[in-house]
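**Q** Give me coordinates for this.
(one chain, ligands or ions: 2)
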Amino acid sequence: MIAAIIGGGVIGGGWAARFLLHGWDVRVFDPDPEAQRKIGEVLDNARRSLPGLADVPMPAEGTLSYHDTIEETVAGAAWIQESVPERLDIKHQVFATVQAACDPAAVIGSSTSGFRPSELRQGAVREGQIIVAHPFNPVYLLPLVELVGGPADDAALIARASEIMRGIGMYPLHIRREIEAHIADRLLEVVWREALWLVKDGIATTEEIDNAIRYGFGLRWAQMGLFETYRIAGGEAGMKHFLAQFGPTLALPWCKLTDVPEYDDDLVDLIAGQSDAQSGAWTIRELERIRDANLVAMMRALKQQDWGAGALLKAHDLRLRDAGGAGEAAPADGIAEDGPVLTLSQTVPLDWLDYNGHMNESRYLEAFASATDRFMELIGCDAEYIAAGGSYFTVESHLRHLDEAHAGDVITIHTRLLAGEGRKMHLFHTMRAGEREVATGEHFLLHVNLETRRPSDPGPQVAEALARIAAAQGGLSRPEGAGRAVGQRP
Ligand SMILES: NC(=O)C1=CN([C@@H]2O[C@H](COP(=O)(O)OP(=O)(O)OC[C@H]3O[C@@H](n4cnc5c(N)ncnc54)[C@H](O)[C@@H]3O)[C@@H](O)[C@H]2O)C=CC1
Ligand SMILES: C[N+](C)(C)CC(=O)CC(=O)[O-]
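**A** Ligands and ions are numbered 1, 2, ... in the order given. Next comes the predicted model:
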């Protein structure tokens, strides 16, 4: 599949990275002679951060190419994303050239922050081909994309566009009626306007306003948004009580919503000066990397909770797993092979790094635990079996750290069953980063009855699977390092 990116600045670069890392071939047109360097830097950031959101292998990266004309860029593309400056005349010129050369069935998405589809479509040869596909910076990490069709909305086009967006891990939010700035930027502008007033009136600095957001309601918004948060704030009586208590304050009012501060040089200098004092010690690329690491950590935490953007990541993992990612194919249910079993394949995420700049020791155990979970699933000790009252408890673990793993490394774990009789299961995991062996994990587990919390024999299908694998792997030599205790090398 080919994605054509017209305009490769902040947003176009982010789109290019998201499509590319999801296996699409990406063609870029941007007259800026610096575009390749800038996109290269965005891609470096994306490669460090995006693949680590997934706990399964990502697709093989597509091919990136740069082109001298729009015509060449869009030929054969299934998705064309316009991300040129926020000026209607430039966007109209781009659409005219794109439509003269592209596949009429291709989706043309516009990244516009504020224009309505009916404005974008003025003068278009095929009006119904152009939609708003408004993303959020950084496009390669934030999943939201607002999709807006025309006044006579084309349901089939929006459905197709939504499916493509889901395929690259996004959350398509269909906005049924066009308005300026869609939904999110309407909300953001309100906060932005109030913040400008607070600075202009000398009430707060840019840093104090950022602190008011990041130490408080920004954290709430990231996981529950506005209405769910305020529902809880109403106490046991919920939303009605909240409205009764805080509704009357709307009449005061607390804010200056409809007034816009005069956007003169003094205000620009005041804000830019405070922003330099607050954040000028970092370059923009450094700030981007700090932001990306924070976003990855937050989104992975939400993934643990299976909530909001984290729940979306979980669902996307299933999609990626079904599609079969790059590298060695993980076994489907049941194990037939007689070699070590692939039980994990994923990219080292940014939040697994420590102060030494490599994967922290605690994360090795996390990865090995996931590999054990997968092995349990493969022998039939799956969610259904566990719900019926049987499971395994780990009673002893021994890890060896043999080499370093870094952010962006694809790690795999292969598992050997050293013993699997009765209630005992003895596993030996080998972790590699590419071809390098980086760690081993040896674990002894006991089958338990979850009601009595005492050891018990496994069900017949689990016992049978263990016997089959033990027999199949029986011819393999004992792995180097198995049975070692902690000690100094002789
Ligand atoms: N920066 C942001 O936070 C967000 C911006 N957007 C929207 O994305 C669009 C692009 O914004 P940014 O990436 O921020 O701007 P930008 O200034 O970073 O990038 C625009 C790029 O378009 C290129 N360009 C100019 N004329 C062109 C043409 N005729 N054909 C092809 N390329 C051309 C420029 O060389 C530049 O690289 C705008 O519509 C904006 O509203 C949407 C979401 C967030
Ligand atoms: C400032 N902005 C209007 C360009 C912002 C957006 O459109 C979305 C975002 O990423 O905040």
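
**Q** Return the nearest residue of the chain with respect to ligand 2.
**A** The minimum distance from the chain to ligand 2, using C-beta to the nearest ligand atom, falls at Ser113 (3.4 Å). The C-beta positions use only the backbone N, C-alpha and C, and glycine is treated the same way.

**Q** thinking Ser275 is in contact with Ile209, fair?
**A** No: using C-beta atoms under 8 Å, Ser275 makes no contact with Ile209, being 10.7 Å away.

**Q** between the two, who's got more neighbours?
**A** Taking other C-beta atoms under 10 Å, Ser275 and Ile209 do not tie; Ile209 has more neighbours (19 against 15).

**Q** check contacts around the more buried one.
**A** Contact analysis of Ile209 by C-beta atoms under 8 Å, 6 or more residues apart in numbering lists Ala195, Leu198, Val199.

**Q** Can you list phi and psi of the closest residue to Gly325 other than its chain neighbours for me?
**A** The shortest distance from Gly325 to any non-neighbouring residue, by C-beta to C-beta, 6 or more residues apart in numbering, is to Pro57 (2.8 Å). Dihedral pair for Pro57: phi -70, psi 140, per degrees, to the nearest 10.

**Q** for this structure, longest strand please?
**A** strand 436-449 (DSSP state E).

**Q** got the residues of this protein near ligand 1?
**A** 6-12, 29-32, 35, 83-86, 90, 94, 111-113, 134-135, 137 (C-beta under 6 Å from any ligand atom).

**Q** Among those residues, the buried ones, what's the ChimeraX command?
**A** Per 16 or more other C-beta atoms under 10 Å, the buried members of the residues of the chain next to ligand 1 correspond to this ChimeraX selection:
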select :6,7,8,9,10,11,12,29,30,35,83,84,94,111,112,113,134,135
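
**Q** Filter the residues of the chain next to ligand 1 down to the ones in strands?
**A** Ile6, Phe29, His134.

**Q** between the contacts of Ile209, which is nearest ligand 1?
**A** Checking the contacts of Ile209 against ligand 1 by C-beta to the nearest ligand atom gives Ala195 as the nearest, at 15.8 Å.

**Q** And the pLDDT at the closest one?
**A** The model reports Ala195 with a pLDDT of 94.

**Q** tally of neighbours for it?
**A** Using other C-beta under 10 Å: Ala195 sits among 18 other residues.

**Q** Repeat that for the one 5 residues further on.
**A** Around Lys200 there are 16 other residues, counting by other C-beta under 10 Å.

**Q** Which strands and helices lie in contact with the helix or strand harbouring Arg285?
**A** According to DSSP states H and E, Arg285 maps onto helix 284-305. On a contact count with 3 or more C-beta pairs under 8 Å, 6 or more residues apart in numbering; DSSP states H and E, helix 284-305 meets helix 35-49, helix 218-224, helix 308-323.

**Q** Take the longest one, keep the C-alpha atoms, and write them as CSV.
**A** Provided in CSV are the C-alpha atoms of helix 308-323 (Å, rounded to 0.1, in the frame of the first residue of the first chain):
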residue,chain,number,x,y,z
GLY,A,308,-8.7,4.7,27.1
ALA,A,309,-5.7,5.0,24.7
GLY,A,310,-4.2,2.0,26.4
ALA,A,311,-7.2,-0.2,25.6
LEU,A,312,-6.7,0.9,22.0
LEU,A,313,-3.1,-0.2,22.0
LYS,A,314,-4.2,-3.6,23.3
ALA,A,315,-6.7,-4.0,20.5
HIS,A,316,-4.1,-2.9,18.0
ASP,A,317,-1.7,-5.6,19.3
LEU,A,318,-4.3,-8.2,18.4
ARG,A,319,-4.6,-6.7,14.9
LEU,A,320,-0.8,-6.7,14.5
ARG,A,321,-0.5,-10.2,15.8
ASP,A,322,-3.2,-11.4,13.3
ALA,A,323,-1.5,-9.7,10.5
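
**Q** of all the residues in the chain, which ones are close to ligand 2?
**A** For the chain, the residues in contact with ligand 2 (C-beta under 6 Å from any ligand atom) are Ser113, Phe136, Asn137, Asp185, Leu188.

**Q** Excluding sequence neighbours, find me the nearest residue to the fourth one.
**A** The spatially closest residue to Asp185, leaving aside those adjacent along the chain, is Ser113, at 5.3 Å (C-beta to C-beta, 6+ apart).

**Q** Now do the helices in the stretch 301-450 of the chain.
**A** If DSSP state H, counting those that start in this stretch is used as the criterion, the helices of the stretch 301-450 of the chain fall at 308-323, 361-378, 383-387.

**Q** Just say which of those is most tucked in.
**A** Stretch with highest mean neighbour count among these: helix 361-378 (a mean of 18; mean count of other C-beta atoms under 10 Å).

**Q** Where does the stretch 151-300 of the chain get nearest to ligand 1, which residue?
**A** Counting by C-beta to the nearest ligand atom, the stretch 151-300 of the chain gets nearest to ligand 1 through Asp185 (8.0 Å).

**Q** Tell me which residues touch that residue, please.
**A** By C-beta under 8 Å, 6+ apart, the contact list for Asp185 reads Ser113, Gly114, His134.

**Q** cool, and His429?
**A** Applying C-beta under 8 Å, 6+ apart, the residues near His429 are Thr343, Phe368, Ala371, Thr372, Ile413, His414, Thr415, Arg416, Thr440, Gly441, Glu442, His443.

**Q** So what pairs up with it in the strands?
**A** Thr415, Gly441 (DSSP bridges).

**Q** tally of neighbours for the residue lying closest to Arg321 once chain neighbours are set aside?
**A** Once flanking residues are discounted, Arg321 sits nearest to Val56: 4.6 Å by C-beta to C-beta, 6+ apart. Close neighbours of Val56, defined as other C-beta under 10 Å, add up to 19.

**Q** for the residues of the chain next to ligand 2, which one is nearest Tyr355?
**A** Asn137 (28.3 Å; C-beta to C-beta).

**Q** Now do the same contact list for the residue nearest to Arg321.
**A** Asp317, Leu320, Arg321, Gly325, Ala330, Ser345, Gln346.

**Q** cool, and Val199?
**A** Contacts of Val199 by C-beta under 8 Å, 6+ apart are Thr205, Thr206, Ile209, Leu267, Leu270, Ile271, Gln274.

**Q** do you know how far the second one is from Asp44?
**A** Noted for Thr206: a distance of 28 Å to Asp44, by C-beta to C-beta, to the nearest Å.

**Q** Which of those two has more residues huddled nearby?
**A** Thr206 (20 against 15).

**Q** what about the chain, any weak spots by pLDDT?
**A** Where the chain drops to pLDDT under 70, the residues are 152-153, 256-258, 327-337, 490.

**Q** That one - how does it break down into domains?
**A** 2-182, 186-281, 329-472 (automatic domain parsing).

**Q** what distance separates the start and the end of the first one?
**A** Pointing back at domain 2-182 there. Using C-alpha to C-alpha, to the nearest Å, the end-to-end distance of domain 2-182 comes out at 27 Å.

**Q** Same check on stretch 26-45?
**A** Taking C-alpha to C-alpha as the measure, stretch 26-45 stretches 17 Å from start to finish.

**Q** where does it sit relative to the chain's centre, distance-wise?
**A** Its chain's C-alpha centre and that of stretch 26-45 lie 21 Å apart, by C-alpha atoms, centre = their mean, to the nearest Å.

**Q** what comes into contact with it?
**A** Stretch 26-45 is contacted by residues 2-10, 12-14, 16-17, 19-20, 62-70, 72-74, 77, 138, 140, 285, 288-289, 292 when judged by C-beta under 8 Å, 6+ apart.

**Q** sorry, back to before: so which strand or helix has the residue of the stretch 151-300 of the chain closest to ligand 1?
**A** helix 184-200.
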